[in-house]
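>>> fold the following for me, if possible:
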Amino acid sequence: MASRPVNVWDLPLRLTHWSFAVLVFAMWYTAENSLWFWHTRLGVALFALVIFRIIWGFVGPPTARFSGFVRGPKAVLGYLRGKYPDDQRIGHNPLGALAVLALLGVMLVQTSMGLFAGDPYDGATGPLNSLVGVMTADQLTDWHADFLWVVLGMAGLHITAIGVYSMIKMDDLVGPMVTGTKEMKPPVEGIAGTPWPRAILALAIAAGLGVWIWLGAPPLG
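Numbers count the residues shown, from 1 in each chain. Below is the predicted model:
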């Protein structure tokens, strides 16, 4: 049967995906060039974006939800043995799901450490630096600097895996993440429209958390 384009990735997920790529590069660039004014602000933005993606993993469309693509070790091994053909499903495969969780995890750890890191005497501090002691802040600063290479390494591994997969499987993964659609044969169906009310609410929660943290996490009420 002839293939036809089906919706695979919703717009909020695609925007989040590419924003991660831009922000991770920007975090490295601003750190390497001591652009702390931008580094701290972009760090909070990245933290808020990770929070949005986590929320979206519970309330977004099927291909965005963790329950829709995260599988156990048996499914991962089965996929490696060819038991889950990619032309019969949409969304992340069981192996790709591990990459999603790993990338979200390392970005969450990195940005969380950055919120507390820094030295108030040189003006480069995270918005929550005052909530921890000097020794704790110094330790987190060291970890934050070193862990950046873990984030960059994971990002590089992710890009390499996509390239290798595309060459071996002859399957374009980048295009659908840009357009949101992919050529699939029946009976595979795509996702429905984006649930915009939930997207707006998730974004509001993530952005509100980001603003609250940027203000130093003042007591509520």
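>>> tell me which residues of stretch 160-168 are tucked away?
By neighbour count on 16 or more other CB atoms under 10 Å, the buried set for stretch 160-168 is 162, 165. Backbone N, C-alpha and C define where each C-beta goes, glycine included.
>>> ugh, wrong one, stretch 165-179
Buried residues in stretch 165-179, counted by 16+ other CB under 10 Å: 165, 173, 176-177.
>>> that stretch: end-to-end distance?
End-to-end distance for stretch 165-179: 19 Å, by CA to CA, to the nearest Å.
>>> any chance you could list what contacts that stretch?
8-9, 14, 17-18, 86, 162, 182 (CB atoms under 8 Å, 6 or more residues apart in numbering).
>>> got a list of contacts for the lowest-mean-pLDDT helix or strand in the chain?
For the chain, using mean pLDDT, DSSP states H and E, the weakest element among its helices and strands is helix 73-80, scoring a mean of 85. Helix 73-80 has contacts (CB under 8 Å, 6+ apart) with 84, 93-95, 98.
>>> need these in a markdown table (columns: secondary structure and distance to residue 24).
Output for the contacts of helix 73-80, formatted as a markdown table (DSSP: H, G, I helix; E, B strand; the rest coil; distance: CB to CB, whole Å):
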| residue | secondary structure | distance to residue 24 |
| --- | --- | --- |
| 84 | coil | 29 |
| 93 | coil | 23 |
| 94 | helix | 24 |
| 95 | helix | 21 |
| 98 | helix | 19 |
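>>> and of those residues, the nearest to residue 71?
Using CB to CB, residue 94 comes nearest to residue 71 of the contacts of helix 73-80, at 4.3 Å.
>>> which one of the contacts of stretch 165-179 sits in the busiest neighbourhood?
Scoring the contacts of stretch 165-179 on neighbours with other CB atoms under 10 Å, the highest-scoring entry is residue 9 at 24 neighbours.
>>> in the least confident helix or strand of the chain, which residues are buried?
Buried, per 16+ other CB under 10 Å, within helix 73-80: 75-76, 79.
>>> same check on stretch 185-203?
Of the residues in stretch 185-203, 190-191, 194-195, 198-199, 202-203 count as buried by neighbour count, 16+ other CB under 10 Å.
>>> so which residues of the chain form strands?
Assigned by DSSP state E, the strands in the chain fall at 4-7, 118-119, 124-125, 181-184.
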